[in-house]
Every structure is written in C-alpha cells, then in structure tokens.
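Participant: for reference, the sequence and a predicted model appear below.
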Amino acid sequence: EADIYQTPRYLVIGTGKKITLECSQTMGHDKMYWYQQDPGMELHLIHYSYGVNSTEKGDLSSESTVSRIRTEHFPLTLESARPSHTSQYLCASSVASAANYGYTFGSGTRLTVV
Amino acid sequence: GENVEQHPSTLSVQEGDSAVIKCTYSDSASNYFPWYKQELGKRPQLIIDIRSNVGEKKDQRIAVTLNKTAKHFSLHITETQPEDSAVYFCAASISTGGFKTIFGAGTRLFVKA
C-alpha cells in the first residue's frame, strides 16, 4: 500500500549519541518534510526537501541534518542527542498539483533522550 | 512573516452540538487551505480542504468556509460525536516557488457524550 513509513516508532537513547530517524514514502511524492511535535501540540517545521539533492532548513532551529539522495528516502540525523531533543518527529510528503496539495504524514518517531 | 492564527485553542461541546474552529492568515498569496485531524497517539490526517476560488465546501458533517477578503477560514462540524474528539490543525499554503504551508497552533476538541 502506498504510504509513508517511519522507523523506529519509539527510541530511547543516551545523551551524546548519534541517531538517524528513517522516513520512506512509496507514493512518488517530490516534496518531503520533517516536523517536530510535542504530542497534540504545534507542528514545527525543521527541514524540507523539494526533490533529490534539495534540502532546506525550516523555521525551528535544530541541530539535525537531512539528506535526499533518493526520491523516496528522507532520513533525519542528530549528531549528538540532548534531552532537549526529546519530542515526536513527524515526516510528511506531498505532491504539488492542481488537484491536491495536501500532506500525508507518517506515524512518527517518539524520541526520548536520557 | 507569514502567520496562521487558530482559535480557540480548546473547545468542549456536548455530543450532537456543532463545533466551529476559526483561522486567519496573513499572506494574501495563500491559495490552498487544508484541515488536518490528529487523534490521540496518531498521525495528522487531511480531512477536508478548500481552494481560494471556492467559498464553501462540504463533506457530510464537516464543512469549510473561506473569506478571502477578510483572510479567514473556518471548519464547521455538525452533529458532533465522541469520535470527533481530536486536535484539529488548519493550514494555509502558497503555491509559488515550490510551495510553503503554514500551520495553525491547533484546536483540541472534546466532545462529551
């Protein structure tokens, strides 16, 4: 089924560790996004990509990086995790067309840094 | 910069009553206005959207209205049910230079049985 998949679903990690959150979509969407969201709270854009080899920083300052080497894959990396990174990370994708600009969100990765 | 304000932040209604959530946006170039519903522990999901060339759109118990002159749009839920309880996010999108979506801060809707 065409969808957007995030792994892991939950992650508990120690301070200072490097982690990569995975996001893959099978819908052929060009545009992909990472949002940080405390459960049920505002969505904060941290990175986005309009296509392969295109990445931009969002509105929320973040010590993370992203890459977009393949259309379907948009991983997020934290070089050195801190307790302030504890949050939920949502990946989303979209295709800009006359018919539909809406986002499809992944199920999220809930990260806890101890 | 671009901004979307959403009100109220929390809304509690009795089952069967109507619920209205309002949003205002700042960038007059916005031309697409989606609404997302996020149930507890789940991902946000698109429930309805409206384009700038349309004033109103309805899908069963939910409807959206758009006033481009005033730069505000609203979500209306009629005959609310407990399963409507969720956080609702409005958004405004601009389809120039790629495109950009600005989300509102969300409204937590409680429907009491």
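Facilitator: Yep, that arrived. Fair warning: this is a prediction, and the values are worked out from it, not measured in the lab.

Participant: compute the first-to-last residue distance for stretch B:72-88.
Facilitator: 16 Å (CA to CA, to the nearest Å).

Participant: same thing with stretch A:26-39?
Facilitator: Using CA to CA, one end of stretch A:26-39 lies 26 Å from the other.

Participant: does it reach chain B?
Facilitator: Yes - Stretch A:26-39 lies within reach of chain B by CB under 8 Å from any CB of the partner chain, at A:31, A:39. Just so you know, the C-beta spots here come from the backbone N, C-alpha and C atoms, and that holds for glycine as well.

Participant: so which bits of chain B are right by chain A?
Facilitator: Checking chain B against chain A by CB under 8 Å from any CB, the hits are B:32, B:34, B:36, B:38, B:40-46, B:49, B:87, B:89, B:93, B:95, B:98-99, B:101, B:103, B:105-106, B:108.

Participant: and the buried ones among the residues you listed, selectable in PyMOL?
Facilitator: A single PyMOL command selects the buried members of the residues of chain B next to chain A (16 or more other CB atoms under 10 Å in any protein chain shown):
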select buried, chain B and resi 32+34+36+38+43+44+46+49+87+89+93+95+101+103+105+106+108
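
Participant: in strands, which of the residues of chain B next to chain A appear?
Facilitator: Among those, DSSP state E puts B:32, B:34, B:36, B:38, B:45-46, B:49, B:87, B:89, B:93, B:101, B:103, B:108 in strands.

Participant: just grab the bridge partners of B:Cys23 for me.
Facilitator: In this structure, B:Cys23 bridges to B:Gln6, B:Phe73 when assessed by DSSP bridges.

Participant: and the nearest residue to A:Lys17 once chain neighbours are set aside, what is it in contact with?
Facilitator: Take A:Lys17 and drop its neighbours on the chain: the residue closest to it by CB to CB, 6 or more residues apart in numbering or on different chains is A:Ala81, 5.1 Å away. A:Ala81 makes contact with A:13-19, A:111, A:113 under the criterion CB atoms under 8 Å, 6 or more residues apart in numbering or on different chains.

Participant: how about the closest residue to B:Val20 other than its chain neighbours, phi and psi?
Facilitator: For B:Val20, ignoring the flanking residues on the chain, the nearest one in space by CB to CB, 6+ apart is B:His76 at 5.4 Å. Main-chain dihedrals, B:His76, degrees, to the nearest 10: phi -120, psi 130.
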